[in-house]
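Student: predicted model and sequence follow; I will ask about them next.
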Amino acid sequence: MNGEKKIFVGLLEKVVSFLHQGKPQFVKDADEGKFRQLRALRASLVAKKEELKKASPADRPAIKTAILKNKDELKLYNFFHWLDTEAERQRLTKLLTRSRELRADYLVQKAARAKDLRLLAPVKAAFMEKFASLKADHKAALKDIKALKALDNETAEKFEARKKAACAAEKASYEAKFEALNKESAAASLAAAPDARKHLFALETDKDALHLARVSFKQDLVDQDVILSVRHMKQFFDMGGGDKTKAVHDVSFDIKRNECFGLVGESGCGKTTTGRCIIKLYDITSGAVYYEGYRISGGPRFNLKEIKWSRIHAKEKTAKLKEKKKLEIASIPLKSYEIEAKIADLNAREAAEIKEKSDPQDVDGEDLITSIKNDYAKRRTELEVLREAASCSEAEQRKKIESFYDGEIQKVREEEKIHVHEQKEELRHIKYDDKHSNSLRLPDELPADANMANIQSQPSHRLVNEIQMIFQDPVDSLDPRMTVNEIIQEGLHIQGHYNKAENEKKVAGMLDKVGLIPEYASRYPHEFSGGQRQRIGIARAVVMNPKFLICDEPISALDVSIRAQILNLLNDVKEEMGVTILFIAHDLSVVKYFCDRIAVMYYGNMVELASSDELFRHPLHPYTKSLLSAIPKPDPASEKNRIRIVYKPSEVHDYSKDKPSFQEIIPGHLVLANSAEMAKYREEIAAIDTKAAAEKH
């Protein structure tokens, strides 16, 4: 306390010295006098405090009062004697008074808080006692629970045993019922289907069975014995910058079981791309590929475009209807005789257009006429609404016009909404089929008493593994770092066959089947000739026991003598194993010898499709004629006179008005042509048949 006083006095001395700077001497002397008086008051205060320590209890209250009074005098003197004006002194007096009042209030609040704490002390003590009691009860309850668990342990085990026994009995009952139902279902399928493997299959898990139930399936393909169906397949490659290469554009064809289907065309026309799309080496852009009735591949582009253009067309139709409504409202009041004249004119134009577009020989002519009639019927409906409104007042006319066109706009929007929903659902199905078609499995051998129980116990394979491919280049298609044994066994390992002895036995048998000795299994591809390498490629594909074989120009890189051997080998494989073949080649003469039906491709489009005999008897498309004219003739005299036909699309086709479509001209013979070309081709067929009949007679 004394130290604080010394500091305070020192500060005052510094303040005084500061205030004295630049003042006259008499002012300094007056300040020194004031300072001496301040020291005297402080000395008196210290003396009274010492007196308080020595005073008796009776004298202490009076001394304390005197000390407080001395303190107030000292405070006032400390400040008043340094203030120059009376106003400043009064202001300081008010501040000191307010300070005393605030201190008094603080002391009252402090006393009240102390009183509250004294009152709350018993309540807090009672709460703590109750909490301690509850805690003790909780501990006791935990001990009781542990004891009960220990007592009930044996009872719980007995209950679980009884529960497991009941579940096992119920499961056995359901399995017996399920097996009986499967037997009935399998018997019905076997009786109804000519080939049971189309309908019965083994799956690994229940989850796969659920997937199988949802994979898209076409029963009509199975009924027609179609093993592979390609529907409107497109394959585009993005070249960057928004450019796309249309490698395959809207190709459709079906291949029946045990058939050899030829695909011919010049280099770059999309033959190999078509084969790679079928075997799922490419994700197709649009269309679908069905194998054994199941959709194994699908493209979303068509559905995405349908969604895009349906929205665009809906906006256009809505804008036109709004514009029509605006014009009709502006033409109020309506005149019935004008509307009658419009209806008569519309009927006359409809009759003239139907007469112009009617063609008895056009297969799609009926659909075109129906479309024309529907279009005119919509226009007639609008005019009839206006005719009905013409007999009403102007307000009623406006109301009817608005009601009619608002209803038409709502119909357009509803149709667009339904169409978009359908396309989105189809997109979900395509995505699902692409993901889960690989889980479809078939038994390797179908047992005599076929039912789901014994089918699932049989060795099985994936459905898509039945499709195999022989690649074009016998050098690049074989891994140079692997032996022949490893190359052929690779597919067996993928299918899950890891028995080394059995695999080597299969490899030896397959090499013998393709005309190579088993000792070649330890050699590498560079040790063989071109024909031998192609035989190894055939062995690699055939060892997988395929049902459908894609031969991508297997003889193009071989000399003439080896070609005949490879074709004979493929023919033997086809007859022995019952394989369906898609044969891709350039040479029409080879395809005619080997294939049952031939499809001709040009720049990603299929331009003609017919049986081998029919295509050579009636070649219709100019590109087909060009390919046939390129076949060398064995007779030198006739070869010298052979005329080579060069196909120039811009000179032989005029598609500025009537676009071509792939349509059937006679049963089994399809050609890419428009209406004018179809009429021309029919005349050519008639002329060829007439000439052949005349030569025969």
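Tutor: Sure, I can see it. Numbering: from 1, shown residues only.

Student: and stretch 631-640, how far from the chain's centre?
Tutor: How far stretch 631-640 lies from its chain's middle: 57 Å, per C-alpha atoms, centre = their mean, to the nearest Å.

Student: average pLDDT for it?
Tutor: Across stretch 631-640, pLDDT averages out at 78.

Student: and stretch 244-257, by the same measure?
Tutor: Taken as a whole, stretch 244-257 has a mean pLDDT of 92.

Student: now stretch 129-138
Tutor: 80.

Student: and for stretch 221-234?
Tutor: For stretch 221-234, mean pLDDT is 92.

Student: pull out the buried positions in it.
Tutor: Under the neighbour-count criterion of 16 or more other C-beta atoms under 10 Å, stretch 221-234 has 221-222, 226-231, 233-234 buried. Where C-beta positions appear, they are placed from N, C-alpha and C, glycine not excepted.

Student: how is residue 557 assigned, secondary-structure-wise?
Tutor: Here residue 557 is coil, with the state taken from DSSP: H, G, I helix; E, B strand; the rest coil.

Student: if I look at residue 589, what pLDDT would I see?
Tutor: 80.

Student: contacts only, for it.
Tutor: Contact partners of residue 589, counting by C-beta atoms under 8 Å, 6 or more residues apart in numbering, are residue 631.

Student: check which helix or strand it maps to.
Tutor: helix 588-594 (DSSP states H and E).

Student: what's the first helix or strand after that helix?
Tutor: From helix 588-594, the next helix or strand downstream (DSSP H and E) is strand 597-602.

Student: need the next SSE after that next one, C-terminal direction.
Tutor: Following strand 597-602 in sequence, per DSSP H and E, is strand 605-611.

Student: tell me the buried residues in that following strand?
Tutor: Buried, per 16+ other C-beta under 10 Å, within strand 605-611: 605-610.

Student: if I look at residue 265, how far off is residue 112?
Tutor: Distance of residue 265 to residue 112, given as C-beta to C-beta, to the nearest Å: 106 Å.

Student: more neighbours: which of the two?
Tutor: Ranked by neighbour count (other C-beta atoms under 10 Å), residue 265 and residue 112 place residue 265 first, with 25 against 10.

Student: check contacts around that one.
Tutor: Contacts of residue 265 by C-beta under 8 Å, 6+ apart are 271, 586, 600-602, 627.

Student: most neighbours, which of the residues you listed?
Tutor: Going by other C-beta under 10 Å, residue 600 tops the contacts of residue 265 with 27 neighbours.

Student: dump the residue contacts of that residue.
Tutor: Counted by C-beta under 8 Å, 6+ apart, residue 600 has contacts 264-265, 606-609, 615, 621, 623-624, 627.

Student: skipping adjacent residues, who's closest to it in space?
Tutor: residue 608 (4.5 Å; C-beta to C-beta, 6 or more residues apart in numbering).

Student: what residues are bridge-paired with that neighbour?
Tutor: Per DSSP bridges, the residues bridged to residue 608 are residue 600, residue 671.

Student: identify the residues contacting it.
Tutor: 599-600, 615, 619-621, 623-624, 669-672.

Student: which two among those residues are spaced furthest apart?
Tutor: Greatest spatial distance in these: 623 and 669, 15.2 Å, computed using C-beta to C-beta.

Student: with neighbour numbers in mind, choose between the two.
Tutor: More neighbours surround residue 623 than the other of residue 623 and residue 669, with 23 against 18 (other C-beta under 10 Å).

Student: can you tell me the element that one falls in?
Tutor: Take DSSP H and E as the rule and residue 623 turns out to sit in helix 622-629.

Student: which residues sit against that helix?
Tutor: 264-266, 588, 600, 602, 607-608, 615-616, 619, 642-647, 649, 652-653.

Student: for this protein, where's the lowest mean pLDDT among helices and strands?
Tutor: Taking mean pLDDT, DSSP states H and E as the measure, the chain has helix 206-214 as its least confident helix or strand, at a mean of 49.

Student: could you identify the helix or strand that succeeds that one?
Tutor: helix 219-223.

Student: and the next element down the chain from that next one?
Tutor: Taking DSSP H and E, what comes next after helix 219-223 is strand 226-240.

Student: tell me what that next one is packed against?
Tutor: The elements that strand 226-240 packs onto, with contact taken as 3 or more C-beta pairs under 8 Å, 6 or more residues apart in numbering; DSSP states H and E, are strand 243-256, helix 271-278, strand 286-291, helix 301-330, strand 580-585.
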